[in-house]
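# predicted model and sequence follow; I will ask about them next.
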Amino acid sequence: MPFVIAAPGAKGNGHPCNHVVEDLGLYRTLCELCGLPPPAGLEGKSLAPLLNDPAASWDDTAFSVSGNNGKLLGTAVRTDRFRYVEYESGGAMLFDESSDPAEMKNLADDPRVAREKSELARMADDFRRAPAPRAAGAQPPTAPPARHLPNQGAFRNGQAMFDWLGGAGDIWWDGGNPISTASAVHTFVTGGNTDAMKHPRPAKVKLYMQGNVPRLPGFTYEQAAAGNEKFRQAWIAIARECVQASYTGCVFGASELQKKTSKGPTAEEIKRGYWRGAWINMADAVRTVMPDAKFAFVPMSGGQGTNHDPTNGILEKDQWYVAGKDSHGRPYMDFWGCTLYFGTQYIGVSAKQKETVTREMIDQAMDILRKPSASPHTDWGYMGNYQYAREKGIKMVLGEIGIFDRFKDDRPFGMGDQPYAIDKFAQLLADHADQIELVCWFNSKAKEGGKKVWSRLDAESSMPNAAKRVRELWGPDSPYRK
């Protein structure tokens, strides 16, 4: 329904605003306009940013429920395009508000919007099951809700992070992307790489490696797809090095393959089936030595504030997804994925502005990050990738996650050293834990001692507050653990 509001001196007075809002935010809005502190425990999000800029970034999602005598009857979700209603007694309604504002045509059974209906139903279910929401800007709880995080423990410096978390990590990662030759993999799995675990490694630790997947150096995609015997033997040699080092169930990940800088496949190579053929031949070769091996496509997309679309022009994810199973019923592509960096880049704040990052800014950034995608098949942002994986019925691998932008605008934000930001990020992962297989913790590139290095979220971190919170949330005593 229409909502009319004006405030003295607001720049947006008299201008229309097309965003979806909830009246739950009115109290907080009035507090902000009057310069008063909001009461403790107050729910809702202030509408003040829209009063000054009706076109400001906003999470166009609103929820409502109906009931009688304390009994829930139905749940509704409204986005910028759809309104979805789900009844406890069964049945649902779905309306396209952009073309049917009078809600005359129920699209709940229309196959053309089946994906959208599925995502809205998930949102409604999450809303019903979620604990009472914390007020925007309120102090985070002393203990997170008892919802588990995904398998985490995949870290740039494997041994340091494993020790920092008290041995709680389940899977670890080499940030140096060792998959290139059998010799490079041998150095890594035997502890010769500075990022690797000590050898022999703890028995519980498994292995996730990224690199030149599926096409190894020295081969073209056409050769790899044609079943080149040297290509096959090269992958067998890599798998054998892992097995000899007691890693029998590795996850091999393709990283950044759709970018020009990482020599990914061209549009023509994908259209001709070379990408798919290379992937299948890689999987078949590795599994002759390592039957339990799994494979993940983890493109460099989703977390830098823009979608980072494939530069070869192939946006449709179905052309990248390698469907099908081998003769033993094992999927060729076990996981989909992306990278994910959480920072104020989502709300257009750059380091050059030297702004102090507030909790409200962190909340706004998270609202944008969580916004469902209207086109998950071609949207390479985090939610687009998350929704696509759900549709395919496979889990996600987050090949890199961090608490602010990885590149130029890192250090001046200050967002990363706020435990509140870590809590917001952890809650996102907990909410999506059923869909995420593992995450790889990163921090960011920064200068330490005058040298550009990867910072770390361990005892030597340049962000001690964030590091401490990570240990509390990911360590052996974490309340998030099952």
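That came through, no problem.

# quick one, strands of this structure?
Here the chain has its strands, by DSSP state E, at 62-68, 71-78, 82-87, 92-96, 151-155, 171-173, 206-211, 251-255, 294-298, 335-341, 395-402, 436-441, 445-448, 451-454.

# mind giving me CSV with those and columns for distance to Phe127, mean neighbour count and mean pLDDT?
(Glycine included, C-beta is placed from N, CA and C.) Converted to CSV, these look like this (distance: least, C-beta to C-beta, whole Å; neighbours: other C-beta atoms under 10 Å; pLDDT from 0 to 100):
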stretch, distance to Phe127, mean neighbour count, mean pLDDT
strand 62-68, 5, 13, 82
strand 71-78, 6, 16, 85
strand 82-87, 10, 20, 91
strand 92-96, 14, 19, 93
strand 151-155, 26, 25, 51
strand 171-173, 31, 27, 64
strand 206-211, 32, 23, 80
strand 251-255, 32, 25, 82
strand 294-298, 29, 25, 92
strand 335-341, 22, 26, 85
strand 395-402, 21, 26, 81
strand 436-441, 20, 25, 78
strand 445-448, 37, 14, 50
strand 451-454, 38, 10, 51
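
# and of these, who's closest to Arg28?
Checking the strands of the chain against Arg28 by C-beta to C-beta gives strand 62-68 as the closest, at 14.9 Å.

# domains for this structure, by residue range?
Following automatic domain parsing, one gets these domains for the chain: 1-56, 62-129, 151-474.

# stretch 167-183 spans what distance, first to last residue?
For stretch 167-183, the first-to-last residue distance is 28 Å (C-alpha to C-alpha, to the nearest Å).

# hmm, back to that, could you export the strands of the chain as a markdown table, including distance to Lys230?
A markdown table is the format used below for the strands of the chain (distance: least, C-beta to C-beta, whole Å):
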| stretch | distance to Lys230 |
| --- | --- |
| strand 62-68 | 57 |
| strand 71-78 | 53 |
| strand 82-87 | 52 |
| strand 92-96 | 53 |
| strand 151-155 | 31 |
| strand 171-173 | 28 |
| strand 206-211 | 18 |
| strand 251-255 | 19 |
| strand 294-298 | 20 |
| strand 335-341 | 28 |
| strand 395-402 | 28 |
| strand 436-441 | 31 |
| strand 445-448 | 36 |
| strand 451-454 | 34 |
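
# isn't Gly67 right up against Leu73?
Yes. At 5.1 Å, Gly67 and Leu73 qualify as touching, with contact defined as C-beta atoms under 8 Å.

# which neighbours do those two share?
Counting by C-beta atoms under 8 Å, 6 or more residues apart in numbering, no residue touches both Gly67 and Leu73.

# distance of Trp275 relative to Met333?
Going from Trp275 to Met333 by C-beta to C-beta, to the nearest Å gives 11 Å.

# equivalent analysis for Asp477, please.
For Asp477 relative to Met333 (C-beta to C-beta), the value is 36 Å.

# more neighbours: those two, which one.
Under the neighbour definition other C-beta atoms under 10 Å, Asp477 and Met333 were set side by side, and Met333 has more, 22 against 10.

# how about the contacts made by the closest residue to the more buried one other than its chain neighbours?
Excluding the flanking residues, the one nearest Met333 by C-beta to C-beta, 6 or more residues apart in numbering is Val322, at 4.3 Å. Val322 makes contact with 275-276, 279-280, 297, 332-333, according to C-beta under 8 Å, 6+ apart.

# max pairwise distance over those residues: which two?
Using C-beta to C-beta, the contacts of Val322 span at most 12.9 Å, a distance reached by Ile280 and Phe297.

# my read: Arg383 touches Ile368, true?
Not quite, residue 383 is Met, not Arg. No. Here Met383 lies out of contact with Ile368, judged by C-beta under 8 Å, at a distance of 9.7 Å.

# looking at the domains of the chain, which is buried most?
Among the domains of the chain, the stretch with the highest mean neighbour count (mean count of other C-beta atoms under 10 Å) is domain 151-474, at a mean of 20.

# how far off centre is that one?
Chain-centre distance of domain 151-474: 10 Å, with C-alpha atoms, centre = their mean, to the nearest Å.

# okay, Leu149: pLDDT?
With respect to pLDDT, Leu149 scores 63.

# identify the residues contacting the closest residue to Glu116 other than its chain neighbours.
Leaving aside its chain neighbours, Glu116 sits nearest to Phe82 (6.1 Å; criterion: C-beta to C-beta, 6+ apart). By C-beta under 8 Å, 6+ apart, Phe82 lies in contact with 94-97, 113, 116, 120.

# any figure for the gap between Phe82 and Gly191?
Separation of Phe82 from Gly191 (C-beta to C-beta) stands at 52 Å.

# Asp125 now?
With C-beta to C-beta as the criterion, Asp125 and Gly191 are 45 Å apart.

# helices along the stretch 1-150 of the chain, start to end?
Applying DSSP state H, counting those that start in this stretch to the stretch 1-150 of the chain gives helices spanning 26-34, 48-52, 114-129.
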